[in-house]
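Colleague: Fold the following, please.
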Amino acid sequence: MTYHLYYDQQCATCKEFIRIFKENNIEPILKDLEAKVEGFLGTGAYRWEQIDLTNEFGHPSAFIPMILIEDEGSRKLFAGGSHEDVKRNQNENILIFTSHEDGIEKLQEILNKN
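Modeller: Coordinates of the predicted model:
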């Protein structure tokens, strides 16, 4: 199982997600949206990658934190959104959290299942 965490260093929920990964002895691939990436001018490479993921999965939000979960050819997106997004979501490969607390709770559930 591979986890790609799109985050910003100033984001409180992102910091909690990183802490939860550490508590569970899981090393996610950290993708700081403000980081400079080799071969890309300036910052923003991971931001574009994140936006591409939202388009690929058909999720209307590019909030952070966002996690791409990959496992043997299977891909799921764990992303923030609204309660309305949750109601409208028909893609079983998109898992949506609606608040800081909801995100922490659902991330724990995801990690406990895997």
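Colleague: Please make it C-alpha for all contacts and neighbour counts, starting now.
Modeller: Noted.
Colleague: right, and the helix or strand after the lowest-mean-pLDDT helix or strand in the chain?
Modeller: Least confident helix or strand of the chain, by mean pLDDT, DSSP states H and E, is helix 45-57 with a mean of 90. The helix or strand immediately downstream of helix 45-57 is strand 66-71, counting by DSSP states H and E.
Colleague: Give me the contacts around that next one.
Modeller: 1-7, 50, 75-80 (C-alpha atoms under 8 Å, 6 or more residues apart in numbering).
Colleague: Partner strands of that strand and their direction?
Modeller: Under the criterion DSSP bridges, strand 66-71 sits next to strand 2-7 (antiparallel), strand 74-80 (antiparallel) in its sheet.
Colleague: Now the first one - C-alpha only, PDB.
Modeller: Right, strand 2-7. What follows is strand 2-7, C-alpha atoms only, in PDB (Å, rounded to 0.1, in the frame of the first residue of the first chain):
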ATOM      1  CA  THR A   2       1.400   3.400  -1.000                       C
ATOM      2  CA  TYR A   3       0.100   6.700   0.300                       C
ATOM      3  CA  HIS A   4       0.800  10.000  -1.500                       C
ATOM      4  CA  LEU A   5       0.000  12.900   0.800                       C
ATOM      5  CA  TYR A   6      -0.500  16.300  -0.800                       C
ATOM      6  CA  TYR A   7      -0.100  18.900   1.900                       C
END
